[in-house]
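Trainee: Make a model of this:
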Amino acid sequence: MTVINLYAFSDKGIEQELGTRMKALRLRKNITQQELAIATTLSLNVIKALESGRGKLSSIIAVLRELGALDQLNSF
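Mentor: Okay, the predicted model is just below:
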């Protein structure tokens, strides 16, 4: 993954980047949005919203947990 200067982004830009990264991770793990929604007990619309840069922190945490990426939070 390319390291980018997030300080150059607006808050909205960071949200969109996070959504893009979550989607890329989901696709690398060969998981559909529907499968992720079921596994996290979130709605399909919530998953779609997160991947487009919108959503609540609690939803982001649930998705990161299911995708095995919570350890990434240790880097900040």
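Trainee: So which residue is smack in the middle of the chain?
Mentor: By Cα atoms, centre = their mean, the mean C-alpha position of the chain lies nearest to Met22, the distance being 3.2 Å.
Trainee: so who does it touch?
Mentor: Contact partners of Met22, counting by Cβ atoms under 8 Å, 6 or more residues apart in numbering, are Leu50, Glu51, Ile60, Val63, Leu64, Leu67. Just so you know, the C-beta spots here come from the backbone N, C-alpha and C atoms, and that holds for glycine as well.
Trainee: In helices only, show me the residues you listed.
Mentor: Leu50, Glu51, Ile60, Val63, Leu64 (DSSP state H).
Trainee: And the helices in the chain, which stretches?
Mentor: 11-28, 33-40, 44-51, 57-66.
Trainee: Near the nearest residue to Ala69 once chain neighbours are set aside, how many other residues are there?
Mentor: Spatial nearest neighbour of Ala69, chain neighbours left out: Leu25 (6.1 Å); criterion: Cβ to Cβ, 6 or more residues apart in numbering. Number of residues near Leu25 (other Cβ atoms under 10 Å) recorded here: 17.
Trainee: What's the separation between Leu25 and Ala8?
Mentor: Here the criterion is Cβ to Cβ, to the nearest Å. By it, Leu25 lies 23 Å from Ala8.
Trainee: do the same with Arg28
Mentor: 26 Å.
Trainee: can you tell me which residues contact the residue nearest to Leu44 when sequence neighbours are not counted?
Mentor: Once flanking residues are discounted, Leu44 sits nearest to Ala37: 4.6 Å by Cβ to Cβ, 6+ apart. Applying Cβ under 8 Å, 6+ apart to Ala37 gives the contacts Ser43, Leu44, Val46, Ile47.
Trainee: Leaving out chain neighbours, which residue sits closest to the third one?
Mentor: Put plainly, it is Val46. Ser59 (5.4 Å).
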